[in-house]
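Novice: quick one, structure for this:
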Amino acid sequence: TTHQEVHNMSVYGDITPRTAGKAMPGFLMRALPYLVLEKYLDLKPLPSNSTKVAIFRRYEALEKATTPLVEGVTPVGKNMTYTDVQCTLQQYGDYVTLTDQIAGLHKAGIEVILISSGAVASGRSEVKTNKKLDSVDQRQLFSAVGQAKLINRYYELFREHGIAVGQVLTTKENFGTRRHYLNQKNCMSVMLENKVIPIVNENDTISVSELMFTDNDELSGLIASMMNAQALIILSNIDGIYNGVPSDPSASVIREIDRGKDLSNYIQTSKSSFGRGGMLTKTNIARKVADEGITVIIANGKRDDILTNLINYPDTTLCTRFLPSEQPVSSIKKWIAHSEGFAKGEIHINEQATQVLTSDKAVSILPIGITRVEGEFEKDDIVRIIDNQGNAIGVGKVNCTSRQVIEALGKHGKKAVVHYDYLYLE
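Specialist: As a prediction, the model looks like this:
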């Protein structure tokens, strides 16, 4: 192999001295041959004015690259659904390892959806602003640039496996109405039917702080629920939920968590370096999704072959598993369960209604059990259900307007304000 041949062996594309550090994180034109080629090809460095370099993705030197690019990736499958890899991919090698595993799952017949954040961080490394921007302007600018960079990286990596990918940009508002919710579900279903891996991003270019997802955990929970996933895997930077401080040698990972288990003594409230959420958010989402009949797993995304090991060796692979409810939950109730953030008002109920609702009986909310209404809402809006102690106990889709509810307060023989089929109790 001559210098000229190496010069022409660009796997990743043209890289100029000006953009080399951005296109390949952590590499400079002159340093790359020393790191990668010297050991294997016994070559001297390429000239500093070279416009192309050879990139060997499998070689160990690539694992030294360090630029934060992605905060979360979510695979969702059909037979086993993998949702939300919530580990920060700080190295280029992390992308390769993860996409290799997902490609293997895809070829094994498992339908996969990736949920990926990191557009803002990715775009920030590409753009130098002429003046100081406020937080909203920065987020919109960097995410607009970063989304293109991010999807291109995934496109190139999956193309090596002969797998097509497509980008789906979404916002929290898209989950606020049933029509938009079903449109998103149909889009991803069509992609999966045609062997295309959907890569879902929050559309940070138009999302504002009041309507942003808490983090990728919330988004992944919504997607897993919407797509009727069988499992949600959250890859973090630790092996799961510990029965103590993770750094304490005496602490160990809790392998299984049943419904109702108190975890308040084990959960730390600290957030990840680049994400907006922490283990508390992951746990809350895990509980809700598990209650909908979906297995939830929290594992370490930095461990080798973690996704494939969770499938092939589920009993021996270290992780925390939230056991799913055995009672099936309808599609409409899954949507309602994640719609609390879109509630237009509140319905307060008396003690008798609270007792009946929290029993094992399947009951609806009638005007006779309602004490007051807060907020203005229309028919089919989402409302919060508040018990006689002032605690939020669920959400539901109303059959009438707030004015009609007020007119029927305390009366017998009136139709249900929230029917059981459209009521989700926490």
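
Novice: list the contacts of the host helix or strand of M188.
Specialist: Per DSSP states H and E: M188 is located in helix 178-193. With Cβ atoms under 8 Å, 6 or more residues apart in numbering as the test, helix 178-193 has contacts from 78, 111, 113, 166, 168, 170, 173-175, 197-198, 200, 223, 226-227, 332, 335, 380. Backbone N, C-alpha and C define where each C-beta goes, glycine included.

Novice: can you do 10 Å?
Specialist: Helix 178-193 has contacts (Cβ atoms under 10 Å, 6 or more residues apart in numbering) with 76-78, 111-113, 164-166, 168, 170-171, 173-175, 177, 196-200, 222-223, 226-228, 331-332, 334-336, 338-339, 380, 382, 397.

Novice: just the buried ones from those?
Specialist: With neighbours counted by 16 or more other Cβ atoms under 10 Å, these contain buried members at 76-77, 111-113, 165-166, 168, 170-171, 174-175, 177, 196-200, 222-223, 226-228, 334-336, 338-339, 382, 397.

Novice: among those residues, name the ones in helices.
Specialist: Among the buried ones among the contacts of helix 178-193, the members falling in helices (DSSP state H) are L222, I223, M226, K334, W335, I336.

Novice: now for those, which pair is the farthest apart?
Specialist: The most widely separated members of those, counting by Cβ to Cβ, are I223 and I336 (16.1 Å).

Novice: could you point out where the protein is predicted with low confidence?
Specialist: Judged by pLDDT under 70, the chain has its weakly predicted residues at 1-93, 208-211, 214, 264-278.

Novice: show me the strands in it, by range?
Specialist: Here the chain has its strands, by DSSP state E, at 114-115, 164-170, 196-202, 231-236, 256-257, 295-300, 320-322, 345-349, 370-374, 382-386, 392-397, 423-425.

Novice: which other helices and strands contact the first one?
Specialist: It refers to strand 114-115. Helices and strands touching strand 114-115, by 3 or more Cβ pairs under 10 Å, 6 or more residues apart in numbering; DSSP states H and E, are helix 92-107, strand 164-170, strand 196-202, helix 216-226.

Novice: the second one pairs with which strands, parallel or anti?
Specialist: Yep, that's strand 164-170 we're talking about. strand 196-202 (parallel) (DSSP bridges).

Novice: in a markdown table: the ones in helices among the buried ones among the contacts of helix 178-193, plus distance to S122.
Specialist: Compiled in a markdown table, these are given as follows (distance: Cβ to Cβ, whole Å):
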| residue | distance to S122 |
| --- | --- |
| L222 | 23 |
| I223 | 21 |
| M226 | 26 |
| K334 | 31 |
| W335 | 31 |
| I336 | 34 |
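
Novice: among these, find me the one that's closest to T354.
Specialist: Lowest distance from T354 to those (Cβ to Cβ) belongs to I336, with 19.0 Å.

Novice: what's the spacing between that closest one and V398?
Specialist: From I336 across to V398, the span is 11 Å (Cβ to Cβ, to the nearest Å).

Novice: could you name every residue contacting both of those two?
Specialist: Here I336 and V398 share the contacting residues I382, V418, Y422, scored by Cβ under 10 Å, 6+ apart.

Novice: beta partners of the first one?
Specialist: Partner residues in beta bridges with I382, using DSSP bridges, are K397.

Novice: correct me if wrong: it contacts W335.
Specialist: Yes. Counting by Cβ atoms under 10 Å, W335 is a contact partner of I382 at 9.4 Å.

Novice: any shared contact partners between these two?
Specialist: T177, R178, K397, Y422, Y424.

Novice: state the pair within the residues you listed that is farthest apart.
Specialist: Using Cβ to Cβ, these span at most 16.5 Å, a distance reached by T177 and Y424.

Novice: can you say which of the strands of the chain is nearest to D137?
Specialist: D137 sits nearest to strand 196-202 of all the strands of the chain, at 17.5 Å, using Cβ to Cβ.

Novice: relative orientation of the closest one and helix 216-226 in degrees?
Specialist: Strand 196-202 runs at 140 degrees relative to helix 216-226, counting by axes from the mean of the first three to the mean of the last three Cα atoms, to 10 degrees.

Novice: between helix 92-107 and strand 196-202, find me the angle.
Specialist: Orientation note: strand 196-202 sits at an angle of 130 degrees relative to helix 92-107 (the same axes, to 10 degrees).

Novice: OK, contacts around the spatially closest residue to A337 that is not a sequence neighbour?
Specialist: Spatially, and ignoring its direct neighbours in sequence, A337 is nearest to Y424 (4.4 Å; Cβ to Cβ, 6 or more residues apart in numbering). Shown in contact with Y424 (Cβ under 10 Å, 6+ apart): 288, 291-292, 329-330, 332-340, 382, 385, 393-397, 418.

Novice: repeat that with 8 Å
Specialist: For Y424, the contacting residues are K333, I336, A337, G394, V395, G396, by Cβ under 8 Å, 6+ apart.

Novice: can you check G394 too?
Specialist: G394 makes contacts with L357, R384, I385, L423, Y424, L425, E426, as judged by Cβ under 8 Å, 6+ apart.

Novice: among those residues, which pair sits farthest apart?
Specialist: Farthest pair in the contacts of G394 (Cβ to Cβ) is L357 and R384. Separation: 13.2 Å.

Novice: which one of the two is surrounded by more residues?
Specialist: Higher neighbour count among L357 and R384: L357, with 21 against 18, using other Cβ atoms under 10 Å.

Novice: before we move on, the earlier item: return the closest of the contacts of Y424 with respect to L263.
Specialist: A337 (19.7 Å).

Novice: no more questions from me, cheers.
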